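Enquirer: Predicted model and sequence follow; I will ask about them next.
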Amino acid sequence: MTRPIYVALDTPDLAAAKAIAEKVRHHVGGVKLGLEFFVANGHHGVREIAALGLPIFLDLKLHDIPNTVAKAVQALRGLDPAILTVHASGGRAMMEDAKAAAPAGTKVVAVTVLTSLDGDDLAAIGVNGDPQAQVARLVALAREAGLDGIVCSGNEVAAAKRAWPGGLFVVPGVRPAGADAGDQKRMMTPAQARHAGASVLVIGRPITAAADPAEAARAIESTL
Ligand SMILES: O=c1ccn([C@@H]2O[C@H](COP(=O)(O)O)[C@@H](O)[C@H]2O)c(=O)[nH]1
């Protein structure tokens, strides 16, 4: 069985990231490394974590002009992450070029609307309509651009899956009942998000900040 939980190791500290990955490795399907980790540790750090044997999700959320994003994806060659993110709001050409530059084995997925944003935040940056409508628009664009899937919150994943059967649906903003939301605004429990259609559940602090990360990951997995 492919395990749906990818643990987000949001730290610049390679040793700390490795220690948590080792603790949770039997309860997760992969490891997500983001900008904070990559800026601090680069290719070397990614290779060190990959050596533990879990699939790597490189969450760089690339967003620039098409040429720059394509060159950045080319510069990742050799790391061959299982999953790589770009921002859907970078536009169709940027997504097409990112996909063309990625290795065949890398799923390129588009971040639609960050789970830390709600309708008021969208209005403040000039996006009319609620998150559901904006996600739907960007799901269609990512699909047209030939990407492999999208990132959205649990609130939008069922509709996204109906619109794109066969896509890969990555869902962060996942919190067990009663857990601290932190900076997340559009959330679901792991079980709700999975049942709504999430292929991958991205979970960071509820696991990494727990006194016993392995037990936290095991407990969350048992609810799915
Ligand atoms: O819309 C998005 C896209 C990515 N993320 C990333 O997921 C994790 C969530 O961490 P938690 O500690 O579980 O909140 C983090 O690495 C984000 O960069 C997201 O939250 N929302």
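Expert: Perfect, thanks for sending it.
Enquirer: Enumerate every residue touching the closest residue to residue 90 other than its chain neighbours.
Expert: Of all residues not flanking residue 90 in the chain, residue 63 sits nearest, at 4.6 Å (Cβ to Cβ, 6 or more residues apart in numbering). (Glycine included, C-beta is placed from N, CA and C.) Counting by Cβ atoms under 8 Å, 6 or more residues apart in numbering, residue 63 makes contact with 69, 86, 87, 89, 90, 94.
Enquirer: In space, what's closest to the residue in the chain positioned nearest to the ligand - neighbours in sequence excluded?
Expert: In the chain, the residue that lies nearest the ligand is residue 204 (2.6 Å; Cβ to the nearest ligand atom). Of all residues not flanking residue 204 in the chain, residue 8 sits nearest, at 3.3 Å (Cβ to Cβ, 6+ apart).
Enquirer: Just want the phi and psi numbers for the one you found.
Expert: Main-chain dihedrals, residue 8, degrees, to the nearest 10: phi -90, psi 110.
Enquirer: What count of nearby residues applies to it?
Expert: Using other Cβ atoms under 10 Å, the number of residues around residue 8 comes to 22.
Enquirer: That one pairs with what?
Expert: With DSSP bridges as the criterion, residue 8 is bridged to residue 32.
Enquirer: Repeat that for residue 150.
Expert: In beta-bridge terms (that is, DSSP bridges), residue 150 pairs with residue 110, residue 169.
Enquirer: Look up how far residue 135 lies from it.
Expert: Going from residue 150 to residue 135 by Cβ to Cβ, to the nearest Å gives 8 Å.
Enquirer: which residues do the two both contact?
Expert: Both residue 150 and residue 135 are contacted by 112, 160, under the criterion Cβ under 8 Å, 6+ apart.
Enquirer: for this protein, what's the longest helix?
Expert: If you go by DSSP state H, the chain has its longest helix at helix 35-50.
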